[in-house]
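J.: Take this sequence and fold it.
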Amino acid sequence: MERMWDMRKTCYLPVLSRLSGDYLWFAPAEPGTPLAQNRFGIPEPVVPARDLVRAQQLDLVLLPIVGFDERGNRLGMGGGFYDRSLSFLRNRKIWRKPSLIGIAHDFQRVDSLEAKPWDMPLEAVITDRAVYTMS
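T.: Numbering: from 1, shown residues only. Now for the predicted structure:
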């Protein structure tokens, strides 16, 4: 994030929905933004609700992943938060914003993952050894 801030980019971090709890919102994060642990013990920015944005408003989402394959299928932590929050992309044919890029270690690459109808595929994965673009 420091590199993105140096490039004068606005960074957002995921925040669990305060209403339903199974969707993600995204909170602006700047150096020094206070963080508090959510119900899973993951730090989230502490910002007023009016500052939260939906995924549709973002240009790029970097997703943490447990595993991925060459087709862009990903294995997350099993909660489905990103898939539910990004499900609107299934209805888009041309304008695909935000771009979805996974962040992983190269050893997390596997031959094949079974894709479920609700899974949102990645456009690329960046690892410690390579950048994989999906076709």
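J.: any idea of the pLDDT on the residue nearest the centre of the chain?
T.: Averaging the C-alpha coordinates of the chain gives a centre point, and the residue nearest to it by C-alpha atoms, centre = their mean is residue 63 (3.3 Å). What the model reports for residue 63 is a pLDDT of 92.
J.: repeat for residue 113
T.: What the model reports for residue 113 is a pLDDT of 92.
J.: got the contact list for it?
T.: With C-beta atoms under 8 Å, 6 or more residues apart in numbering as the criterion, the residues that contact residue 113 are 67-69, 71, 73-75. C-beta here means a position set from N, CA and C on the backbone, and glycine is covered the same way.
J.: can you check residue 27 too?
T.: Residue 27 neighbours (C-beta under 8 Å, 6+ apart): 12-15, 33, 44-45, 47, 51-52.
J.: Least confident of the contacts of residue 113?
T.: Lowest-confidence member of the contacts of residue 113: residue 75, scoring 87 (pLDDT).
J.: mind checking the backbone torsions on that one?
T.: According to degrees, to the nearest 10, the main-chain angles of residue 75 amount to phi -110, psi 120.
J.: Ok, the one 3 residues further on next?
T.: Dihedral angles of residue 78 (phi, psi; degrees, to the nearest 10) stand at phi 100, psi 0.
J.: do the same with residue 66
T.: phi -90, psi -40.
J.: For the closest residue to it other than its chain neighbours, name its beta-bridge partners.
T.: Excluding the flanking residues, the one nearest residue 66 by C-beta to C-beta, 6 or more residues apart in numbering is residue 75, at 4.6 Å. When assigned by DSSP bridges, residue 75 has beta-bridge partners residue 67.
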